[in-house]
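> What would the 3D arrangement of this be:
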Amino acid sequence: MKKKTIAIAMGGYSNEAEISIKSGQLVYDHMDKEKYQAFKVHILQNEWFVLTNDGKKYQIDKSDFSTTVEGEKINFDCVFNIIHGTPGEDGLFAAYLETVHMKQTSCDYYSSALTFNKRDCISILKAYSIKTATNYFVNKGDEIFEDEIIETVGLPCFVKANKAGSSFGISKVKKKEDLLEAIEFSYKEDEEVIIESFLDGTEVSVGVINYNGEVLALPVTEIISENEFFDYKAKYLGQSQEITPANITKEQTEEVKRQAIKIFKTLKLKGLTRAEFIFHNNEPHFLEVNTCPGLSEASILPQQAKAAGITLKDLFTNVIENALIPI
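Sure thing, here's the model as predicted:
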């Protein structure tokens, strides 16, 4: 049987490009080479290209997302999207792939754009009785009413760039006089900012995937950061403990999994996703959902798959085969 050709799309245009490339390499290393012919495709701001193991570069033809290697044109059967941030996680890349009729493993463009926009995502999920922090929105150029913000969300609070991943552009504010500086810091990542009340409790992460024809919630991971919150250093530089399965009750585990699956279905997600919650007053409060989660050795979703008895080879095969199913 002829092998399917799979483009592993990695990189991107954001601060997360390097992390994405590490994730892409892990996907490449664990992909079933007997079933698939895999190509590492770097999607960068200035160029899109296939990078071979011996360091050669072959340009991507954007008219149909193909490439030519040693005189042979390669038409891909599917794209494994592991681009964190823009354009892979915010829907831009998915929209492009749809225009060239290319199958891909992650969410469709609208679901991706919606989940990447924290404010819009939270606003929709509130209508489905998903609990969240109290929040306040500001845009660059708005007059900032500090007293009104603090009256709404309280102190301490979190100030976040609305459309940014991996804890870029986030600050924990404990004093009123630090609020403006935190907002300006978030504006470096995005012109829209979300300010949220502080939720005191256990933070957990729930991977949700399409697996063997059903929506499956993976074992829950408890996150204990050595820092003020689960920031970039905690995520990627080892400054946190990640405990799978989480040290929470059976009832809490079942409830947070139920909510994670509900979010997956409500937002019409697909592929590999990961939702974040904090148990506040013994109830899970939704933080955000990641539709293109990290797959490096340090990442949470691979840990959860292992705890569920799913090998990375099986995990990646499953997500590819789901993407290849005719619509």
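> what's the helix or strand that contains Gly24 packed up against?
For Gly24, the host element (DSSP states H and E) is helix 17-30. Contact here means 3 or more CB pairs under 8 Å, 6 or more residues apart in numbering; DSSP states H and E; on that basis helix 17-30 packs against strand 4-11, strand 36-43, helix 312-324. From N, CA and C alone the C-beta is placed, and that goes for glycine too.
> By residue count, tell me the biggest helix in the protein.
Ranked by residue count under DSSP state H, the longest helix found in the chain is helix 250-266.
> That one packs against which elements?
helix 118-126, strand 201-211, strand 214-217, strand 272-280, strand 283-290.
> Show the average pLDDT along the helix holding Gly24.
The average pLDDT for helix 17-30 rounds to 95.
> what's that helix in contact with?
8-12, 38, 40, 42, 44, 80, 82-85, 88, 166, 236, 294-297, 299, 302, 311-313, 316 (CB atoms under 8 Å, 6 or more residues apart in numbering).
> 7 Å - rerun?
8, 10-12, 38, 40, 80, 82-84, 166, 236, 294-297, 299, 312-313, 316 (CB atoms under 7 Å, 6 or more residues apart in numbering).
> just the helices and strands packed on helix 17-30: most buried one?
Most buried of those, by mean neighbour count (mean count of other CB atoms under 10 Å): strand 4-11, with a mean of 25.
> Next, the angle helix 17-30 makes with it.
Calculated by axes from the mean of the first three to the mean of the last three CA atoms, to 10 degrees, strand 4-11 forms an angle of 160 degrees with helix 17-30.
> returning to what we had before: Asn53 is nearest to which of the helices and strands packed on helix 250-266?
For Asn53, the closest of the helices and strands packed on helix 250-266 is strand 272-280, at 24.4 Å, according to CB to CB.
> can you give me the strands in the stretch 51-200 of the chain?
57-61, 66-69, 72-75, 78-81, 135-139, 157-161, 170-173, 192-197 (DSSP state E, counting those that start in this stretch).
> so which of those is the most packed in?
Of all the strands of the stretch 51-200 of the chain, strand 78-81 carries the top mean neighbour count, a mean of 27, counting by mean count of other CB under 10 Å.
> quick one: average pLDDT of it?
Summarised as a single mean, pLDDT over strand 78-81 is 98.
> for stretch 96-108, same thing?
97.
> what does stretch 46-64 give?
96.
> what's the spacing between it and its chain's center?
How far stretch 46-64 lies from its chain's middle: 24 Å, per CA atoms, centre = their mean, to the nearest Å.
> What's the end-to-end length of it?
Distance across stretch 46-64, first residue to last, is 18 Å (CA to CA, to the nearest Å).
> So which bits of it are buried?
For stretch 46-64, the neighbour count (16 or more other CB atoms under 10 Å) marks 48-51, 58, 60 as buried.
> before we move on, the earlier item: adding distance to Tyr211 and mean pLDDT, write the helices and strands packed on helix 17-30 out as a markdown table.
Putting the helices and strands packed on helix 17-30 into a markdown table (distance: least, CB to CB, whole Å; pLDDT from 0 to 100) gives the following:
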| stretch | distance to Tyr211 | mean pLDDT |
| --- | --- | --- |
| strand 4-11 | 18 | 98 |
| strand 36-43 | 18 | 98 |
| helix 312-324 | 6 | 96 |
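> Now render the ones you listed as JSON lines, adding distance to Ser197.
Output for the helices and strands packed on helix 17-30, formatted as JSON lines (distance: least, CB to CB, whole Å):
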{"stretch": "strand 4-11", "distance to Ser197": "35"}
{"stretch": "strand 36-43", "distance to Ser197": "37"}
{"stretch": "helix 312-324", "distance to Ser197": "35"}
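> Any idea which of the ones you listed gets closest to Ala161?
Of all the helices and strands packed on helix 17-30, strand 4-11 comes closest under CB to CB, at 20.4 Å.
> partners of that closest one, with directions?
strand 36-43 (parallel), strand 78-81 (parallel) (DSSP bridges).
> With Gln104 as the reference, name the closest of those.
strand 78-81 (4.1 Å).
> coming back round to it: export the strands paired with strand 4-11 to CSV and append columns for distance to His30.
Listed next are the strands paired with strand 4-11 as CSV, based on distance: least, CB to CB, whole Å:
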stretch, distance to His30
strand 36-43, 10
strand 78-81, 11
